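In: Have a look; sequence and predicted model below, questions after that.
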Amino acid sequence: MHLDLVPEAHADDVPQPSAQAISPIIKPAVKPSVKKLAVQLPVGDAYSATDEDDDSIGGTSYEDWSFDNSLDPSGSTELGDEIAARETYVPEWQSYTIQNGDSFALTAERTLGLAYSDVMQILNTVPDKKVLTRWRVGHSFDYKLDEHGQLLALRVMKDPREGYLIQRHDETAVFSYSPIEKTGEAAQRMFTGTVNGSFALSAQSTGLSSAEVSELTSVLSKKLDFRRNARAGDQFRVLVESDMIDGHSMDSKVLAAEYEGQRMNLTVVRNSADDHFYTPDGNSLDPAFDRYPFQGHYRISSPFNLRRHHPVTGRISPHKGTDFAMRSGTPIDAPADGIVERVVNHPIAGRYIVIRHNNGYVTRYLHLSKALVKPGEHVKMGEEIALSGSTGRVTGPHLHYEVLVNNHQVDAMRVKLPESQSLRGDALAAFKRESENLLAKLDQSGDNEPAIAQVSVKKNDDGDDNI
């Protein structure tokens, strides 16, 4: 260790003062001379503080800090106040998590420094007031305050993709809003599962969302009758694409799915050109004729049965249709394009409709509460034609649905239905290239953990890319 020290004075070298020298002598004030000690010490326990005396270590500092009051902890704080006064206040985004019992009015007053008039102005500014008035516990919003605790900006999201940025204008103190729209990055995720119980619950157990399960079930059910053909142990795989925004999956859609069952196999692929599903060889999955004349799933209360005992009379009476248990007022749709032949009120069948379709198919709808079409009208596949009810001779509200082929009544749940046209030519070639890529991904083995996507965010007009 090297020390640059002021030379020490030894006791033997200093002459002893005489009595005369001890007498007080007044001399002119001399400006003190300060000499500095430059010390280089290694860091370590060897130089930590101890209680032992060591004459080799100086116990006095050669610095006299009393000459600089600004550095004296006990001195004036005016300099610190001056520095703080010169600093520019920079507002930062803060987050608030909604608690039980919170309302926008109360939180605006307690947390955002808003008066009641400000609250009403903001509510009248945004197009969708429910974003601010219908809060859910656990959701959050972001805000900025100025140095006086007054609101500068409020950022509230309707969902992970869309929201509002509400800002206060300094000159007028008026609040305005601008829409927020986040863009996500497409991520493809693979899910595999085994049927155990209902297909919907089995699919949901793989990690698919409720919306994804609903679409998958709807797609497969166009060819696969789960009630009749699905068996425990059947395997399925599904490839889903979503927009990933801040860790949330948005706008999911099924790209391809495979079902390997004991009673049937089915592979379906979405065609990006028309957004419809096809089999890998280009045959349309969407029939020209829907199996069910309604949306959703309803229990069959009485199937097609030529030797059924009538529930009212008790006699053997052929039931030449299919009854679906449903509440009165349930929308009924046309299963295919056609022309309305009859709209009739009957003492036994109640209010009913007859529609004639192409290729010799006719459909009937009995016990309706209301008809929404008239004889002679052309209807399109999926168009709402009536509301279900309990008119006529019935034991409760339901829809009685019949299908006739060449004037013969058939089981609507088993009859072979017309299919739409298949892809051909260039459209088929393009679809096959796309389907080969999707099916290759579907056949890949490995885990089915969702992919993590980086989210790109649009800048707003103010250039705030943190929104």
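Out: Okay, I see it. Numbering: from 1, shown residues only.
In: only C-alpha atoms for contact and neighbour calcs from this point on.
Out: Noted.
In: wait, isn't Asp246 in contact with Lys182?
Out: No: the pair formed by Asp246 and Lys182 falls short of the contact definition of Cα atoms under 8 Å, at 9.3 Å.
In: hey, what's in contact with both of those two?
Out: By Cα atoms under 8 Å, 6 or more residues apart in numbering, Asp246 and Lys182 have these common neighbours: Pro160.
In: what's the offset of stretch 430-448 from the middle of its chain?
Out: 26 Å (Cα atoms, centre = their mean, to the nearest Å).
In: now swap in stretch 306-316 and tell me
Out: 51 Å.
In: Any buried residues in it, and which?
Out: Residues Arg308 are the ones in stretch 306-316 that count as buried (16 or more other Cα atoms under 10 Å).
In: Check stretch 121-134 too.
Out: Quick answer for stretch 121-134 (16+ other Cα under 10 Å): 122-123, 126, 131-132.
In: Pop the domain breakdown of the chain in here.
Out: The record's domain parsing of the chain by automatic domain parsing lists 94-181, 185-286+421-461, 300-410.
In: and those domains as a markdown table, adding mean pLDDT and distance to Tyr292?
Out: Compiled in a markdown table, those are given as follows (pLDDT from 0 to 100; distance: least, Cα to Cα, whole Å):
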| stretch | mean pLDDT | distance to Tyr292 |
| --- | --- | --- |
| domain 94-181 | 89 | 34 |
| domain 185-286+421-461 | 85 | 10 |
| domain 300-410 | 94 | 7 |
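In: re earlier: so which of the buried residues of stretch 121-134 belong to helices?
Out: With DSSP state H as the criterion, helices contain 122-123, 131-132 from among these.
In: Can you add distance to Val174 and give the residues you listed back as CSV?
Out: Conversion of those to CSV gives the following (distance: Cα to Cα, whole Å):
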residue, distance to Val174
Ile122, 9
Leu123, 12
Val131, 20
Leu132, 18
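In: Determine which two of those residues are furthest apart.
Out: The largest separation in those, counting by Cα to Cα, is between Ile122 and Val131 at 11.4 Å.
In: May I ask which two of the buried residues of stretch 121-134 are separated the most?
Out: Spatial extent of these (Cα to Cα) is set by the pair Ile122 and Val131 at 11.4 Å.
In: which residues touch the longest helix along the chain?
Out: Taking DSSP H as the criterion, the chain has its longest helix at helix 425-443. Defining contact as Cα under 8 Å, 6+ apart, one finds that helix 425-443 is touched by 190, 237-239, 255-258, 269-271, 280-282.
In: Give the buried subset of these as a PyMOL selection command.
Out: Selection of the buried residues among those in PyMOL, burial being defined by 16+ other Cα under 10 Å:
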select buried, resi 190+237+238+239+255+256+257+258+269+270+271+280+282
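In: Let's see which of the contacts of helix 425-443 end up in helices.
Out: Per DSSP H, the contacts of helix 425-443 never map to helices.
In: Now render the contacts of helix 425-443 as a markdown table, adding distance to Ser205.
Out: Conversion of the contacts of helix 425-443 to a markdown table gives the following (distance: Cα to Cα, whole Å):
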| residue | distance to Ser205 |
| --- | --- |
| Met190 | 13 |
| Arg237 | 13 |
| Val238 | 13 |
| Leu239 | 15 |
| Leu255 | 19 |
| Ala256 | 19 |
| Ala257 | 16 |
| Glu258 | 17 |
| Val269 | 22 |
| Arg270 | 23 |
| Asn271 | 27 |
| Pro280 | 27 |
| Asp281 | 31 |
| Gly282 | 31 |
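In: And the contacts of helix 425-443, which is closest to Phe226?
Out: Distances from Phe226 to those, taken by Cα to Cα, are shortest for Glu258, at 14.2 Å.
In: where's the closest one relative to Thr194, distance?
Out: 12 Å (Cα to Cα, to the nearest Å).
In: Leu216: neighbour count?
Out: Neighbourhood size, Leu216 [other Cα atoms under 10 Å]: 21.
In: What are the neighbouring residues in contact with it?
Out: 254, 257.
In: Assign it to helix, strand or coil.
Out: Three-state call for Leu216 (DSSP: H, G, I helix; E, B strand; the rest coil): helix.
In: for Val340, same thing?
Out: Going by three-state DSSP: Val340 is strand.
In: Just grab the bridge partners of it for me.
Out: Ile355 (DSSP bridges).
In: if I pick it, what's in contact with it?
Out: 353-356, 373-379 are the contacts of Val340 under Cα under 8 Å, 6+ apart.
In: tell me the contacts of the residue nearest to Leu423 when sequence neighbours are not counted?
Out: Leaving aside its chain neighbours, Leu423 sits nearest to Gly282 (5.2 Å; criterion: Cα to Cα, 6 or more residues apart in numbering). Residues in contact with Gly282 (Cα under 8 Å, 6+ apart) are 422-424, 428, 431-432.
In: The residues you listed into CSV, with extra columns for distance to Ala211?
Out: Formatted as CSV, those follow (distance: Cα to Cα, whole Å):
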residue, distance to Ala211
Ser422, 28
Leu423, 28
Arg424, 32
Leu428, 29
Phe431, 25
Lys432, 27
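In: What's the ChimeraX line that selects buried ones from the contacts of Val340?
Out: Filtering the contacts of Val340 down to the buried ones (16+ other Cα under 10 Å) takes a single ChimeraX command:
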select :353,354,355,356,373,379
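In: Arg364: which of the contacts of Val340 is nearest?
Out: Arg364 lies nearest to Val354 out of the contacts of Val340, by Cα to Cα, at 4.6 Å.
In: mind listing what that closest one touches?
Out: Taking Cα under 8 Å, 6+ apart, we find Val354 in contact with 340-343, 362-365.
In: Does Thr107 belong to a helix, a strand or coil?
Out: The local conformation at Thr107, judged by three-state DSSP, is helix.
In: separation between it and Asp159?
Out: 20 Å.
In: Next: Ser210.
Out: Using Cα to Cα, Ser210 is found at 17 Å from Asp159.
In: helix/strand/coil for Ala211?
Out: Applying three-state DSSP: Ala211 is helix.
In: For it, give me its contacts.
Out: So Ala211 contacts Ser252 (Cα under 8 Å, 6+ apart).
In: Over to Gln409?
Out: Counting by Cα under 8 Å, 6+ apart, Gln409 touches 320-321, 402-403.
In: Of the residues you listed, which is the most crowded?
Out: When the contacts of Gln409 are compared by neighbour count (other Cα under 10 Å), Gly321 ends up highest, at 25 neighbours.
In: Now do the helices in the stretch 151-300 of the chain.
Out: Assigned by DSSP state H, counting those that start in this stretch, the helices in the stretch 151-300 of the chain fall at 199-204, 210-220, 226-229.
In: can you count the residues close to Lys222?
Out: 15.
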